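Undergrad: predicted model, plus sequence, below.
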Amino acid sequence: MNLSTLKNNKNLRSKKPIFSPPLITTLVLLVLIFATTTQQSCDLEEEAIPAYIQIDTVMVTTTFSQGSASHRVGAVQVAAGAQSLGIFPLPATIPVLEYGTRDIVVDPIVIESGISAIRELYPFYTRYTMTGDLVEGEVLQVNPQITYNSAANFVFIEDFNGSNAFVDDLDGDPGTRVEISFDDVFEGSGSGKITLNESGSNAFVGTGLSYALPITGERVYLEMNYKCNTNFTIGFRSIQSASGASIDVDILTLVPREEWNKIYVSLNQELTAANGDRFQIYLKMNKSNDVAISELVMDNVKLIHQ
């Protein structure tokens, strides 16, 4: 055997496994212990039992000068202590991973312009705040009571109880006007009604007065209770007092509703773009061929701005 062979044999004998069997077993055990501990930790976090806030509905109260208390607050934004919980459609059972005495804050959300996907914090309703005890696994019942806030300036309120703000016959046809009805009423003694029974007829009526409204981005809303069997459109006439020039701006077309509905129509963007200094609210409706008589019934029309 030569010297080269001896050196190769020595090198072969000196090469040992990097990990011995006992060390491999120990590493496997450590990995299993770590995985088990991590899983138990995750399980403990997942098993935390929340407290719950239950909100079924919101109550709105008004003064005489604010008109009807009818509303369509369909969702709420809720916070508990320093934790914002999110927006929830009503009725809502809201889990909270906070315990003890906390301030519960509820902001009312309305469906803007009748589109369920557009939900907005209504700028003219107050925030509701209460202090409650959040207990693990228990339900805290919250019954928000809100009012109109001090930012709400009521330009006009029409409840049709002996009065009628929509007396300007813009289409020139006295047979297509808003009349006071005592038969189909949302609340109170009367409602406003447009009836079209002749094929091809249409109604185009406006408020008897025009109003100064903010045009620099302040929030402006038209509220209304209504039901109808025909599409109708809400809009305004923008008037330049100095020149007498005017333009008509259609805001929203609403589809038939068999039951009374509440609508909040935002006007501020269109008012700013129109840039008039006086504004007249109007309604448009065409006779539908789908029904023998086209009808719109409305109540509690409110024009409000900041």
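TA: Looks like it arrived, so ask away.
Undergrad: going forward, measure contacts between C-alpha atoms and count neighbours the same way
TA: Fine.
Undergrad: okay, buried residues for stretch 101-110 please.
TA: For stretch 101-110, burial by neighbour count (16 or more other C-alpha atoms under 10 Å) applies to 102-110.
Undergrad: state the distance from residue 235 to residue 87.
TA: 30 Å (C-alpha to C-alpha, to the nearest Å).
Undergrad: the two: who's more crowded?
TA: Taking neighbours as other C-alpha atoms under 10 Å, residue 235 and residue 87 compare with residue 235 leading, 21 against 18.
Undergrad: against residue 98, how distant is the more buried one?
TA: From residue 235 over to residue 98 the distance is 47 Å, taken as C-alpha to C-alpha.
Undergrad: then residue 142?
TA: The value you get for residue 142 to residue 98, if C-alpha to C-alpha is used, is 16 Å.
Undergrad: flag the shaky bits of the protein, pLDDT-wise.
TA: Within the chain, the stretches with pLDDT under 70 are 1-46, 113-118.
Undergrad: just say helix, strand or coil for residue 226.
TA: At residue 226, secondary structure determined by DSSP: H, G, I helix; E, B strand; the rest coil is strand.
Undergrad: wait, what's in contact with it?
TA: 260-263, 296-299 (C-alpha atoms under 8 Å, 6 or more residues apart in numbering).
Undergrad: correct me, but residue 234 touches residue 255?
TA: No - applying C-alpha atoms under 8 Å, one finds residue 234 not in contact with residue 255, separated by 11.6 Å.
Undergrad: neighbour count for these two, which is higher?
TA: More crowded of residue 234 and residue 255, by other C-alpha under 10 Å: residue 234, with 18 against 13.
Undergrad: and that one, which of the three is it?
TA: Residue 234 is classified as strand under three-state DSSP.
Undergrad: residues contacting the closest residue to it other than its chain neighbours?
TA: Nearest-residue entry for residue 234: residue 283, 4.9 Å, with adjacent residues in sequence omitted and distances by C-alpha to C-alpha, 6 or more residues apart in numbering. By C-alpha under 8 Å, 6+ apart, residue 283 lies in contact with 203-206, 232-235.
Undergrad: and for residue 285?
TA: Neighbour list for residue 285: 202-204, 230-233 [criterion: C-alpha under 8 Å, 6+ apart].
Undergrad: surely it is in a helix?
TA: No - going by three-state DSSP, the assignment for residue 285 is strand, not a helix.
Undergrad: which among the contacts of residue 283 count as buried?
TA: Neighbour-count burial (16+ other C-alpha under 10 Å) applied to the contacts of residue 283 gives 203-206, 232-235.
Undergrad: so can I have JSON lines of these showing distance to residue 49?
TA: JSON lines is the format used below for these (distance: C-alpha to C-alpha, whole Å):
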{"residue": "203", "distance to residue 49": "59"}
{"residue": "204", "distance to residue 49": "59"}
{"residue": "205", "distance to residue 49": "58"}
{"residue": "206", "distance to residue 49": "57"}
{"residue": "232", "distance to residue 49": "50"}
{"residue": "233", "distance to residue 49": "50"}
{"residue": "234", "distance to residue 49": "49"}
{"residue": "235", "distance to residue 49": "51"}
